[in-house]
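Chemist: Sequence first, then the predicted structure:
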Amino acid sequence: MSRLPPALQRPWVREALWCALIAPMVAAPLLGAAPRLLLALGSALAFWRAYVIGRRAMHARQHDVALPLGSQSNWMLLASLALVLAPHALRLPAWLTVLVVLFIGWRIAVMRTAMRPLTRGTSRSLFRGGVRPPPRALLVAMVSAASVGVFLQYGTLFGREPGVALLSIMIAMKLLELQSRRDATVLVFLAYFLVITNFLYSQTLPTALLMLAAVWLITATMIGFHQRDPRFRQTTFLAAQLLVQAVPLMIVLFVFFPRLPGPLWGLPRDGGQGVTGLSDSMSPGSFGQLSASADVAFRVEFPGAMPRPVDLYWRGPVFWQFDGRIWTIGSAPSGPTAPPVIRAISEPIAYTVTLEPHFERWLLALDMPSALPPETRMSGEFVLLANGQVRTRVRYEGRAALDYRVNENESEANLRRALQLPAGLNPRTLALAAELRAAGLAPERMVEQVLDRFRREPFFYTTNPPLLDSKHTIDQFLFESRRGFCEHYASAFTFLMRAAGVPARVVTGYQGGVVNPVGNYLVVRQAEAHAWSEVWIAGRGWVRVDPTAAVSPLRVESGIAASIAQDDPLPLLVRGSVPMLSRAGFAMDAVANAWNQWILSYNTQRQQQLLRNLGLDASDWKTLSVMLLAGACAATLLAALFALRSLLPGRRDPVVRAWERLCRKLAQTGVVRAPGEGPSAFARRAAAARPDLAAGIGEIAACYVRLRYQPPGSDAAASAATADLQRRVRMLKT
Amino acid sequence: MSPADASRAANGASAVAAARAPGTWRRLADWLFQRRGRERAPVRLTQRRIFLLPTRYGAFFAVVLLVMLGGSINYGLSLGFVLTFLLGSMAVVSIVHAFRNLSGLELAVLPGGRAFAGESIGFDVHFANPHRLHRYSVAVAHASGQVASTDCPAYGSATCRLRIPAPSRGRLYPGRLTVFTRHPLGLFYAWSYVEPDCAAIVYPHPESTLSPPPGSTGGEGRRSASQDGQDDFAGLRPWHVGDSPQRIAWKAAARGQGLLIKQFVAEAGSLAWFDWDDTPASLGDEGRLSRLARWVVEADAAGLAFGLRLPGCLLPPASGPAQRESALEALALHEARR
């Protein structure tokens, strides 16, 4: 064989060349554009050439292998697919779920047929209890029909839901025509992909754990494809090994991989369906529905002392316009409006909100916000607004003045808006307002009188009020049913004030929250949604009035759970009447919060914050690349060291090591084993050269050959024989 | 001599002619991929000689991961990032695992038998595993496309038989074997080249048409051997290329015992001399060896004692399997005059 010049044959030259092939890839991000391009081209060429040469060795790698029906790999593949499809089954349309289950059932029947021993005289026909996969034409027809069905269902084939639906159908189809390892590998990749689609719907800790189990099973399945005789225990153990060893590198990538803000391509407009929460309108009963939801709206951390519960008014959308039944934001006044002016009287307190996505623009803020978080603005009615819809969990730091004066000089246009009333409705309420107005009271006194009326008369606070079916909803509530939830009181009070000539508006948001003693933060759930009023009083500006507090003081002092009747529907977690459950609930919520804060909300800002904490220049993307590369190399090295530890010299077969020790001993006396000389031949030669040791050498060689080539059946026998061999070698005096 | 024999003989010659001067790329490749020429057993697969490349599935997996990364960025899916990075890291770790599945294995290759040209020969590839690591699905491939694979237990050994086509007579070196594995995930292909220094002996292909050997006793002996009724049945032996279909024991074949050949003891005193000079020079060297091989096979099948005379080689008359082996070996290793 021809050789290169000797200078080039040195091993380190070869290693250096290999490094030179790889280095450009590593160094590329640190260089200017032109050298980077050149290097990339050069290394790509070199790699291509190496690949072409290497391919000749790979003639065998492209062989496809049949996957026997009924083999363990088949069953494991089926189980992994079922695991990743199961969460989707609840979300897909029923007919699609049925179809997918049908296909999987068909596949199981096919596999069971294949496992049944084939005896003489039984043909595997449908009539003899055997099931065969469908003919290709039928399969194609079924899938086409299902695709048309998906299109009819969603009106499109693109986007999240139709995409998942199509993927599920394709997987079920592919499963039915699965024959070879190639098909199975495609299915495994699709299964990995299905895992990520599950995260589009839920990223909670339980989902993550379920999907981790799925990934484990899928990986074990994939390993099984490449073993001659896959065993469940071995493949799952190896899969766990691979996944655990991958964790350090995964953490490095997760922490240092540059996070690009914003979508790469247009986000489909299908997010946020079925999210409970505040809406941009309020009608009787809308808050009663929310009270049934234990979903977390947001969580708040206070670096200092937490305000009293009665002060925890979390401001959301403000409603001006009333049509007799529904309160809405209404159109902004045409004339000039005063900018929001807030004068803090008490020392503002700081807090950090982690808001769950609600697919609206407003951000909840403690009344009254005295400073704006970055990238937000404030509406004329002091509502914090984000730049776009809140599609992901956001974290912002706010400041609030609990004692304040706002818009003491309100614009005429806004005051007119705050007096708007639907014409010709609620005559009895209008008459009551006329009475109040005729008494000639100051606005403050008027407010007091109305609240006093709520206190005195038999008004009840309930999440389950009777339906207001009259055209005159306010009349019906104030004079007939007298049972209502916060929106009934806020609505009636605001109407009454306006009718009495006091500018008023409805404010919605949340009131209160439950302190989580485990994580020491405040959890505000959808059930704590609340509505109240604001009246404008000359010289004082907008003043908060909560008519609900007049009816049920407990609502604002102790929270919703304490204030409503036991038989009213309220989620158990909110009610907190079972101590065990609430304690477990606190712990679970603390875990969920940590998960949200550290895993799910890890974004560009958090990444930069972390880098700053590490003392690195976060704005420089080169720092990030260097950190990423260095960390990745270190993590890979760590994994490699761990994986290769059993190849260390000290870990080699003790039998081989004992034999090598004998060879070394004999070599010292001048009897050197020739390369390739078998143990028996060498022992004969050594015995001839050293007749004094002949017996010992012969026994050792026989022992060695036995252990090496006919290993004893049991582990105990093997280790005893090994110990014997080691002793004999040690005792041999040369 | 049939056209098939002629082409087979020509193959051997063209194989020699095809070995052209190695180009620069080839030399660079030999060096980069540590193709060291024939090595004596055992060959240890060290780090230096194990190579890794992604497979087609590996490339496909990378594309899947890229799509997943794009989706994670687009939808702001933190767990999508976690999953993508976990799978990517797992692929990286699987490189190490593919490497460790081969690293440290010791390999010895031994010919597992003999064959006539045109058949294939089994080579026993013996793996010894000095480490406490179970080696899964270690495979050996030959340039002809033949693949054999085996598992090798921790501190244990395993053997698999690789069938290598034997196109022409003589010593058959298995050539460059590729020891490879795709374990654990099939995303990466780890391989090493081994060129074992061991040869199997390939006998000349027995000529397909039987022409009677010339000479006084040759004709008689052959005729008496082929007349089944006159000889005593001596037993059965496995079928080989070149055996006459008339002597196949069809009853035994029908019983599922495979193809066996009836052997007969010839009359005492029958003796044949197969001489190189009795074959016509027009056949060419390979053709003449083919004809001699056919005679040897026939004579042995008939239980005849025979001697063989080749230029520079003389085999005294004898009978039995040992004689057959030595005669065929002499024919296989005969140095053709150039």
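Modeler: Looks like it came in fine.
Chemist: tell me, how many neighbours does residue 284 end up with?
Modeler: The chain I'm using is chain A. Using other C-beta atoms under 10 Å in any protein chain shown, A:Pro284 has 23 other residues around it. (C-beta placed from N, C-alpha, C; glycine too.)
Chemist: that answer is for a different chain, and I need it for chain B
Modeler: 18.
Chemist: Over to A:Leu614?
Modeler: Neighbours of A:Leu614 (other C-beta under 10 Å): 11.
Chemist: Need the phi and psi values for the residue of chain B positioned farthest from its centre.
Modeler: In chain B, counting by C-alpha atoms, centre = their mean, B:Gly76 sits farthest out from the average C-alpha position, at 57.4 Å. Taking degrees, to the nearest 10, you get phi 60, psi 40 for the backbone angles of B:Gly76.
Chemist: On the pLDDT front, check residue 67 for me.
Modeler: All of this refers to chain A. Looking at A:Leu67, its pLDDT is 62.
Chemist: um, chain B though
Modeler: For B:Val67, the predicted pLDDT is 89.
Chemist: Just the element for A:Ala79, please.
Modeler: helix A:72-89 (DSSP states H and E).
Chemist: partner residues bridging A:Leu355?
Modeler: A:Phe298, A:Val394 (DSSP bridges).
Chemist: any idea how far A:Trp314 is from it?
Modeler: Using C-beta to C-beta, to the nearest Å, A:Leu355 is found at 10 Å from A:Trp314.
Chemist: Mutual contacts of the two, please.
Modeler: Counting by C-beta atoms under 8 Å, 6 or more residues apart in numbering or on different chains, the shared contacts of A:Leu355 and A:Trp314 are A:298, A:364.
Chemist: if you count what's nearby, which of these two comes out ahead?
Modeler: Set A:Leu355 next to A:Trp314 and count neighbours by other C-beta under 10 Å: A:Trp314 wins out with 26 against 21.
Chemist: Make sure that one is indeed in a strand.
Modeler: Yes. With DSSP: H, G, I helix; E, B strand; the rest coil as the criterion, A:Trp314 is assigned to a strand.
Chemist: Quick check: closest non-adjacent residue to it.
Modeler: A:Tyr510 (4.1 Å; C-beta to C-beta, 6 or more residues apart in numbering or on different chains).
Chemist: Can you tell me the element that neighbour falls in?
Modeler: Using DSSP H and E, A:Tyr510 falls within strand A:504-511.
Chemist: helix or strand right after that strand?
Modeler: strand A:514-516.
Chemist: buried set for that next one?
Modeler: Residues A:514, A:516 are the ones in strand A:514-516 that count as buried (16 or more other C-beta atoms under 10 Å in any protein chain shown).
Chemist: If you count residues, where's the longest helix of chain B?
Modeler: helix B:78-102 (DSSP state H).
Chemist: Render the CA-only coordinates of the helix or strand just after it in PDB, please.
Modeler: Using DSSP H and E, the helix or strand that follows helix B:78-102 in sequence is strand B:106-111. Output of strand B:106-111 as PDB, limited to C-alpha atoms (Å, rounded to 0.1, in the frame of the first residue of the first chain):
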ATOM      1  CA  GLU B 106     -10.400  -7.000  19.200                       C
ATOM      2  CA  LEU B 107     -11.000  -8.700  15.900                       C
ATOM      3  CA  ALA B 108      -9.600 -11.900  14.500                       C
ATOM      4  CA  VAL B 109     -10.700 -13.300  11.100                       C
ATOM      5  CA  LEU B 110     -10.300 -16.900  10.100                       C
ATOM      6  CA  PRO B 111     -11.400 -18.700   7.000                       C
END
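Chemist: Given strand B:106-111, what are its sheet partners and their directions?
Modeler: If you go by DSSP bridges, strand B:106-111 pairs up with strand B:43-44 (antiparallel), strand B:120-128 (antiparallel).
Chemist: Just give the strands next to whichever helix or strand comes after the shortest one in its sheet, each with its orientation.
Modeler: The one in question is strand B:43-44. Next helix or strand after strand B:43-44 toward the C-terminus (DSSP H and E): strand B:51-54. Strand B:51-54 has its sheet partners listed here by DSSP bridges as strand B:188-194 (antiparallel).
Chemist: Which strand or helix spans the closest residue to chain B within the stretch 351-500 of chain A?
Modeler: Nearest residue of the stretch 351-500 of chain A to chain B (C-beta to the nearest C-beta) works out as A:Thr392 at 4.8 Å. A:Thr392 belongs to no helix or strand when elements are defined using DSSP H and E.
Chemist: ok, back up a step: and the longest helix of chain B with chain A, contact?
Modeler: Yes. For helix B:78-102, a contact with chain A is found by C-beta under 8 Å from any C-beta of the partner chain, at B:78-90, B:92-94, B:96-97, B:99-100.
Chemist: picking that back up, send the alpha carbons of the strand holding A:Tyr510 over as CSV?
Modeler: The C-alpha trace of strand A:504-511 is given here as CSV (Å, rounded to 0.1, in the frame of the first residue of the first chain):
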residue,chain,number,x,y,z
ALA,A,504,-69.3,57.4,37.2
ARG,A,505,-67.8,54.5,35.3
VAL,A,506,-67.4,50.7,35.9
VAL,A,507,-63.9,49.4,36.6
THR,A,508,-63.3,45.6,36.2
GLY,A,509,-60.3,43.7,37.4
TYR,A,510,-59.6,41.4,40.4
GLN,A,511,-59.9,42.0,44.1
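Chemist: ok so, going back, which among the residues of helix B:78-102 next to chain A count as buried?
Modeler: Neighbour counting over the residues of helix B:78-102 next to chain A (16+ other C-beta under 10 Å) leaves B:78-90, B:92-94, B:96-97, B:99-100 as the buried ones.
Chemist: Would you mark the buried spots in stretch A:610-617?
Modeler: Result for stretch A:610-617 [16+ other C-beta under 10 Å]: buried residues A:Leu611.
Chemist: With only the CA atoms kept, save that stretch in PDB.
Modeler: Provided in PDB are the C-alpha atoms of stretch A:610-617 (Å, rounded to 0.1, in the frame of the first residue of the first chain):
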ATOM      1  CA  LEU A 610     -28.800  36.000  33.800                       C
ATOM      2  CA  LEU A 611     -25.700  36.900  31.700                       C
ATOM      3  CA  ARG A 612     -25.400  40.200  33.600                       C
ATOM      4  CA  ASN A 613     -25.600  38.300  36.800                       C
ATOM      5  CA  LEU A 614     -22.700  36.100  35.600                       C
ATOM      6  CA  GLY A 615     -20.800  39.300  34.900                       C
ATOM      7  CA  LEU A 616     -20.900  39.100  31.200                       C
ATOM      8  CA  ASP A 617     -21.700  41.800  28.600                       C
END
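Chemist: which other residues reach that stretch?
Modeler: If you take C-beta under 8 Å, 6+ apart as the criterion, stretch A:610-617 is touched by A:255, A:618, A:623-624, A:627.
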